[in-house]
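[1] let's see this in three dimensions:
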Amino acid sequence: LYYLATTPDYYPKVVDHLGATRLVSEDEGWRRVVVEKPFGHDLTSAIELNKRLHAVLDETQVYRIDHYLGKETVQNILTFRFGNSIFEPLWNRRYVDHVQVLVAEDLGVEGRGGYYDTAGAVRDMMQNHMLQLLSLIAMEPPATFDAEAVRDEKVKVLRAIRPIDVARVAELAVRGQYVRGTARGKRLPAYADEPRVAEDTTTETYAATRLEVDNWRWAGVPFYLRTGKALPKQVTEVTIQYRRPPLRLFEHAPHPGHKPGDEIEPNRLTLRIQPDEGISLRVGLKPPGPRISLVPARLGFAYRDTFGVDPAEAYERLLLDCMLGDSTLFIRRDEVETAWGLVTPLLQAWESAGRDGLAYYPAGSWGPTEADRFIQSAGRAWVNP
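    All right, here's what the predicted structure looks like:
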């Protein structure tokens, strides 16, 4: 097992030499190569990287690792959906209003400005981690639970996502960059003032976008992806928000944050990926007293409380799977290229626009106000943990 713990520039060179010295020949047993992200910088470079890898290796020998897929709650998405009969019948456009995927970091670039200024939030998080989470949430049940069947269904979802119309980027996405502020009680400089970041940088440290999966299950249900640095909390979670009841039979009892005229809180299923891995469901229940009314209540499962142990580190699980030859939780060539095909037009539009449309937000906030208006224009709101 060879793990390419190098900068991406060296991936093709290392693999070329492994091939030249016959260290990846499978004449006497298996030989596998683990490739860390980023898998390319855009669609063109991803295709070229895959060509270079496949000049030496068979696809069955290549294990493109994404540590998010090794997290227990990510794997629980599939077992939760397909192993329980009460949720899957409601997992479609008839009952789901929208889906939110949030990857929030409370740190700045922490000395990685040189790398981050060439990447940005979309390349660093959205193209890989977040689209992987979306594909697991939206995929159809696989025929079997072997690696190729699962990955076939994930690719189908990615191919069903409506391409981003470059002319409508301002309607479909928001990008931001943090300025001076306070996060975790610590003063953070503006991103542009971080070491090894260009003074005239237009790199996004925050990105939010709305994607549509054009298939029978999800047509008309928006998927909102949001990620950023220097936000108030370090948290990754997926929220499935259900439609409101069609008829208001009950009063909406006051609760903190409630205003007269507010609608009944919709049911909301939350899958917490990290930290404090778990699953919770928000429902409406009657509070004590003579009045028939509804208040939101939470039903929850915490991984640590239920199983009495902390989940294994993601890399522990993934490297074990690699040694066992199980590629279910690794990313296939067509997944990588399809994901890059989705986000490359967005990146090109932003690069062409320069500073036009780049919003700013203070470190320690939940992002630019433009992002709030972006989702509020559809009558929805961000779910902030």
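[2] C-alpha from now on. contacts and neighbour counts both.
    Will do.
[3] so what does the lengthiest helix in the chain touch, helix or strand wise?
    In the chain, taking DSSP state H as the definition, the longest helix is helix 333-353. Helix 333-353 sits against helix 43-54, helix 147-160, with contacts defined as 3 or more C-alpha pairs under 8 Å, 6 or more residues apart in numbering; DSSP states H and E.
[4] quick one: low-confidence residue ranges for this protein.
    Along the chain, the parts satisfying pLDDT under 70 run over 247-263.
[5] how does it look with 80?
    Applying pLDDT under 80 to the chain flags the ranges 72-73, 111, 245-264, 284-287, 289-296, 303-312.
[6] quick check, central residue of it?
    Centroid check for the chain by C-alpha atoms, centre = their mean gives residue 130 as the closest residue, at 1.7 Å.
[7] residue 372 against residue 382, yeah?
    Yes. The pair residue 372 / residue 382 is scored as a contact, 7.2 Å apart, by C-alpha atoms under 8 Å.
[8] centre of the chain to stretch 273-287, how far?
    The chain centroid and the centroid of stretch 273-287 are separated by 19 Å under C-alpha atoms, centre = their mean, to the nearest Å.
[9] quick one: buried residues of that stretch?
    Under the neighbour-count criterion of 16 or more other C-alpha atoms under 10 Å, stretch 273-287 has 273, 274, 277, 278, 279, 280, 281, 282, 283, 284, 286 buried.
[10] among those residues, which are in helices?
    Going by DSSP H, the helices hold none of these.
[11] would you turn those residues into JSON lines with distance to residue 87?
    Listed next are the buried residues of stretch 273-287 as JSON lines, based on distance: C-alpha to C-alpha, whole Å:
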{"residue": "273", "distance to residue 87": "19"}
{"residue": "274", "distance to residue 87": "22"}
{"residue": "277", "distance to residue 87": "19"}
{"residue": "278", "distance to residue 87": "16"}
{"residue": "279", "distance to residue 87": "13"}
{"residue": "280", "distance to residue 87": "13"}
{"residue": "281", "distance to residue 87": "11"}
{"residue": "282", "distance to residue 87": "14"}
{"residue": "283", "distance to residue 87": "14"}
{"residue": "284", "distance to residue 87": "17"}
{"residue": "286", "distance to residue 87": "23"}
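[12] so which of those residues are in strands?
    If you go by DSSP state E, the buried residues of stretch 273-287 have 273, 274, 278, 279, 280, 281, 282, 283, 284 in strands.
[13] for the stretch 251-385 of the chain, what spans make up the strands?
    251-252, 268-274, 278-285, 293-302, 358-362 (DSSP state E, counting those that start in this stretch).
[14] let me know which of those is the nearest to residue 94.
    Taking C-alpha to C-alpha, strand 268-274 is the member of these nearest to residue 94, at 14.9 Å.
[15] on that earlier part again, in CSV: the helices and strands packed on helix 333-353, plus mean neighbour count and distance to residue 192.
    As requested, the helices and strands packed on helix 333-353 are exported to CSV (neighbours: other C-alpha atoms under 10 Å; distance: least, C-alpha to C-alpha, whole Å):
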stretch, mean neighbour count, distance to residue 192
helix 43-54, 17, 27
helix 147-160, 19, 34
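[16] now for those, which one comes closest to residue 350?
    Between residue 350 and the helices and strands packed on helix 333-353, the tightest spacing by C-alpha to C-alpha is seen for helix 43-54, at 15.7 Å.
[17] what sits up against that closest one?
    Here helix 43-54 makes contact (C-alpha atoms under 8 Å, 6 or more residues apart in numbering) with 12, 15, 39, 40, 62, 333, 336, 337, 340, 341, 344.
[18] buried ones among these?
    For the contacts of helix 43-54, a burial check counting by 16+ other C-alpha under 10 Å picks out 12, 15, 39, 40, 62, 333, 336, 337, 340, 341, 344.
[19] turn those residues into a markdown table, columns for distance to residue 167.
    Shown next, in a markdown table, are these (distance: C-alpha to C-alpha, whole Å):
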| residue | distance to residue 167 |
| --- | --- |
| 12 | 36 |
| 15 | 40 |
| 39 | 27 |
| 40 | 25 |
| 62 | 37 |
| 333 | 29 |
| 336 | 25 |
| 337 | 23 |
| 340 | 19 |
| 341 | 16 |
| 344 | 14 |
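[20] sweet, I'm off.
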